[in-house]
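A.B. asks: I'd like to go over a predicted model; first the sequence, then the structure.
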Amino acid sequence: MALIELRDVAKTYPPRRRGGDPVLAVDGVTLDVNEGEILGVVGYSGAGKSTLARLINALEPVTRGTVTVAGQELTRLSEGELQKVRRGIGMIFQQFNLFHSRTVWGNIAYPLKVAGVPTSQHQARISELLHFVGLADKAHNYPEQLSGGQKQRVGIARALAASPKILLADEATSALDPETTQDVVDLLRRVNRELGVTIVVITHEMEVVKNLAHRVVVMENGTVVESGSTFDVFAEPGHQVTRRFVRTVVDDVPSESVVAELRRRHPGRLVTVAFREGSVSQAEVFGELISRGVGFQLVYGGIEEVQGRTFGNLTIELTGDRVDEALRALSERVAVREVI
Amino acid sequence: MDRVIELGPQFLEATIETIVLVAVGVTVGGLLGLIVGTGLYVTRKGGLLSNGVVNLLLNIVVNVFRPIPFILLAVGLQPFVRQVFGVGIGNVAAAVVIVFAAAFGIARIVEQNLVSVPPGVLEAARAMGASRTRVIFTVLLPEAFGPLILGYTFAFVAIVDMTAIVGTIGAGGLGNLALQYGYRQFNPWVTWSAILIVIVIVQLGQFAGNAGARKVLRR
């Protein structure tokens, strides 16, 4: 049984204006999050991904369907029981949402108090957390004295204080610059590896998903349009939305305007060959071409690494008399697309 | 000028009366205002204790009493004050009407200051498993503490203003002294001496409020 199970979950909000249509934020989502994994939930704003996160910790009640966390079906629980469940689910936010009336120490102490951890144990736990996120010297600073990256570290320490098994990261890096984003991504990976915390990463940044997630779910208009391992989703994005997202970090297939430009410069046959680690190697493909005396030139493409495996698309200009024959032979072994 | 010195004991008594009336107005009225104002905020749509009916009722009550000019409220409430407190004039009646008016005025100030707390901070506390009431007392109010101090300082000045009017219903205080011994007896020295003391009281209050808010807001 998965740690988090959503079954045909829907969330409808009342109409914004009188007489308007109800807003369907999440529309029949079924998904599992397994213990110990990092799941990336990707989508444009308004796709329903942030609402989805709030259904998992029951900050929002579902309109339809069931949410089960660690075997407990949330829809059957009272508010008091839900509060106990929430203590086992940490959450971090785009705007950090730190308490400005409290120091870093006070921020991390708050969830401990809520969870009823005796004050005598606070000292040890808080300093352990501060060391983990690398902010041991900032314990008595106030949030406004910290940089964005430091604030999110405090957010992470605070979310982990009550030793949750699950961490929900709602656009946690979207307000940070690329370098700080990478630091926070590295920290979240440590949270997952060293503490065994299951993480649900809500984001529109594919770089974050690429570097962090084991599995990806792509959402559009409240529904899941694609899901799979991060490698598969990046290597072979099926849905149009997924392709647009993947293209933001992996640009190895020429777009229409690029194709027009390539055509002008390269009069020969243009084909795009997809490579996957563990499948046919480049050497084999090029060997095939050479053996038939086909001339070739790399004109576009790239090789990417995701989850320690490489993939990529290479666009090649082919010239010579035996191009058709060579393409037929290649098509049997590897995905070849004619560039039109 | 001699008359001012002659009225020394009256000045002392009036100053104490004003300070006591202001203190009662700020504390009791302030507490009631805090309760009503917090109620207005948390029962809003999407609030922590969202409740349309309660919110509507609170709004109606506040909107009915708050716009009434204070002098009319002071005389208008007399039958009610006499019924409940046994006396319709004097310092006790003045304290009651000041508390009444201050509570509704402060309620709106509190509500406006609570709106300035980012909802995400409340959500973060809820996500940690804190109950709604716990969030109100341990997050909402502490996060708004700085602006609240400034709001209460503003209300304090308005309450000083009220204490100058309650001479109308037989209460004492510096306002009454200025009107009775100054204005009506054509002695601007007395009037302005009373005004001067009021200015000092307001200045001290404002200074304390600003200092407190600066400390809480750390700037």
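C.D. replies: Received it, and whenever you're ready, just let me know what you need.

A.B. asks: going forward, measure contacts and count neighbours with C-alpha atoms only.
C.D. replies: Noted.

A.B. asks: so what's the residue sitting nearest the centre point of chain A up against?
C.D. replies: Of all residues in chain A, the one closest to the mean position by Cα atoms, centre = their mean is residue A:40, 2.8 Å from it. Residue A:40 makes contacts with A:200, A:201, A:202, A:203, A:209, A:212, A:213, A:214, A:215, A:216, A:217, as judged by Cα atoms under 8 Å, 6 or more residues apart in numbering or on different chains.

A.B. asks: mind redoing it with 6 Å?
C.D. replies: Taking Cα atoms under 6 Å, 6 or more residues apart in numbering or on different chains, we find residue A:40 in contact with A:201, A:209, A:213, A:216.

A.B. asks: Flag every residue of chain B that's near chain A.
C.D. replies: B:120, B:121, B:127, B:128, B:129, B:130, B:143 (Cα under 6 Å from any Cα of the partner chain).

A.B. asks: From those, keep the buried residues only.
C.D. replies: By neighbour count, with 16 or more other Cα atoms under 10 Å in any protein chain shown, the residues of chain B next to chain A hold B:121, B:127, B:128, B:129, B:130, B:143 as buried.

A.B. asks: OK, contacts around residue B:175?
C.D. replies: For residue B:175, the contacting residues are residue B:164, by Cα under 6 Å, 6+ apart.

A.B. asks: Swap in 10 Å and give it another go.
C.D. replies: Listed by Cα atoms under 10 Å, 6 or more residues apart in numbering or on different chains, the contact set of residue B:175 reads B:14-15, B:18, B:160-168, B:182, B:191, B:194-195, B:198.

A.B. asks: Inside helices: which ones of those residues?
C.D. replies: B:14, B:15, B:18, B:160, B:161, B:162, B:163, B:191, B:194, B:195, B:198 (DSSP state H).

A.B. asks: Just the pLDDT for the third one.
C.D. replies: Same thing as residue B:18. In the prediction, the pLDDT value recorded for residue B:18 is 93.

A.B. asks: just the helices in chain B please.
C.D. replies: Taking DSSP H as the criterion, chain B contains helices spanning B:2-6, B:8-24, B:30-42, B:52-65, B:70-76, B:78-85, B:90-115, B:119-127, B:132-135, B:141-143, B:145-163, B:174-177, B:188-217.

A.B. asks: wait, which of these is closest to residue A:186?
C.D. replies: Checking the helices of chain B against residue A:186 by Cα to Cα gives helix B:119-127 as the closest, at 22.8 Å.

A.B. asks: so what secondary structure elements neighbour the closest one?
C.D. replies: helix A:79-87, strand A:89-93, helix A:104-114, helix A:148-160, helix B:132-135 (3 or more Cα pairs under 10 Å, 6 or more residues apart in numbering or on different chains; DSSP states H and E).

A.B. asks: Could you find the closest non-adjacent residue to residue A:69?
C.D. replies: Excluding its sequence neighbours, the residue lying closest to residue A:69 (Cα to Cα, 6 or more residues apart in numbering or on different chains) is residue A:4, at 4.6 Å.

A.B. asks: ditto for residue A:53
C.D. replies: In space, residue A:53 is closest to residue A:168, 6.7 Å off (Cα to Cα, 6+ apart).

A.B. asks: Can you verify that neighbour is assigned to a strand?
C.D. replies: Yes: the assignment for residue A:168 is a strand, going by DSSP: H, G, I helix; E, B strand; the rest coil.

A.B. asks: okay, now it: neighbour count?
C.D. replies: If you count neighbours by other Cα atoms under 10 Å in any protein chain shown, residue A:168 ends up with 24.

A.B. asks: Beyond the helix or strand residue A:207 falls within, next helix or strand please.
C.D. replies: Using DSSP states H and E, residue A:207 sits in helix A:206-212. Once helix A:206-212 ends, the next helix or strand along the chain (criterion: DSSP H and E) is strand A:215-220.

A.B. asks: Hmm, residue A:215 is touching residue A:231, no?
C.D. replies: Yes: counting by Cα atoms under 10 Å, residue A:215 touches residue A:231, with 8.2 Å between them.

A.B. asks: will you turn the helices and strands packed on helix B:119-127 into TSV that also has mean pLDDT, distance to residue A:332 and mean neighbour count?
C.D. replies: Output for those, formatted as TSV (pLDDT from 0 to 100; distance: least, Cα to Cα, whole Å; neighbours: other Cα atoms under 10 Å in any protein chain shown):
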stretch	mean pLDDT	distance to residue A:332	mean neighbour count
helix A:79-87	94	53	18
strand A:89-93	96	48	27
helix A:104-114	96	59	23
helix A:148-160	95	50	25
helix B:132-135	95	63	16
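
A.B. asks: would you turn these into JSON lines with distance to residue A:314?
C.D. replies: Listed next are the helices and strands packed on helix B:119-127 as JSON lines, based on distance: least, Cα to Cα, whole Å:
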{"stretch": "helix A:79-87", "distance to residue A:314": "48"}
{"stretch": "strand A:89-93", "distance to residue A:314": "39"}
{"stretch": "helix A:104-114", "distance to residue A:314": "50"}
{"stretch": "helix A:148-160", "distance to residue A:314": "37"}
{"stretch": "helix B:132-135", "distance to residue A:314": "56"}
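
A.B. asks: hey, what's the residue nearest to residue A:69 bridged with?
C.D. replies: As for beta bridges, residue A:4 partners with residue A:33, residue A:69 under DSSP bridges.

A.B. asks: Of the helices and strands packed on helix B:119-127, which is nearest residue B:217?
C.D. replies: Nearest to residue B:217, of the helices and strands packed on helix B:119-127 and by Cα to Cα, is helix A:104-114 at 15.6 Å.

A.B. asks: Determine the set of other helices and strands touching the closest one.
C.D. replies: Contacts defined by 3+ Cα pairs under 10 Å, 6+ apart place helix A:104-114 against helix A:79-87, helix A:122-133, helix A:148-160, helix B:119-127.

A.B. asks: Out of these, which is closest to residue A:10?
C.D. replies: helix A:79-87 (18.9 Å).

A.B. asks: what separates the closest one from the chain centre, distance-wise?
C.D. replies: Put simply, helix A:79-87 sits 27 Å off its chain's centre (Cα atoms, centre = their mean, to the nearest Å).

A.B. asks: Stretch A:324-331 now?
C.D. replies: 37 Å.

A.B. asks: And for that stretch, what's in contact with it?
C.D. replies: Residues contacting stretch A:324-331 (Cα under 10 Å, 6+ apart): A:269, A:271, A:273, A:280, A:284-286, A:288-294, A:318, A:323, A:334, A:336-338.

A.B. asks: What separation do you get for residue A:132 and residue B:114?
C.D. replies: Going from residue A:132 to residue B:114 by Cα to Cα, to the nearest Å gives 34 Å.

A.B. asks: Who has more neighbours out of these two?
C.D. replies: A count of neighbours by other Cα under 10 Å puts residue B:114 above the other of residue A:132 and residue B:114, at 24 against 16.

A.B. asks: residues touching the closest residue to that one other than its chain neighbours, list them.
C.D. replies: In space, residue B:114 comes closest to residue B:144 once its chain neighbours are excluded; the distance is 5.9 Å by Cα to Cα, 6+ apart. By Cα under 10 Å, 6+ apart, the contact list for residue B:144 reads A:100, A:101, B:110, B:112, B:113, B:114, B:115, B:116, B:117, B:118, B:216, B:217.
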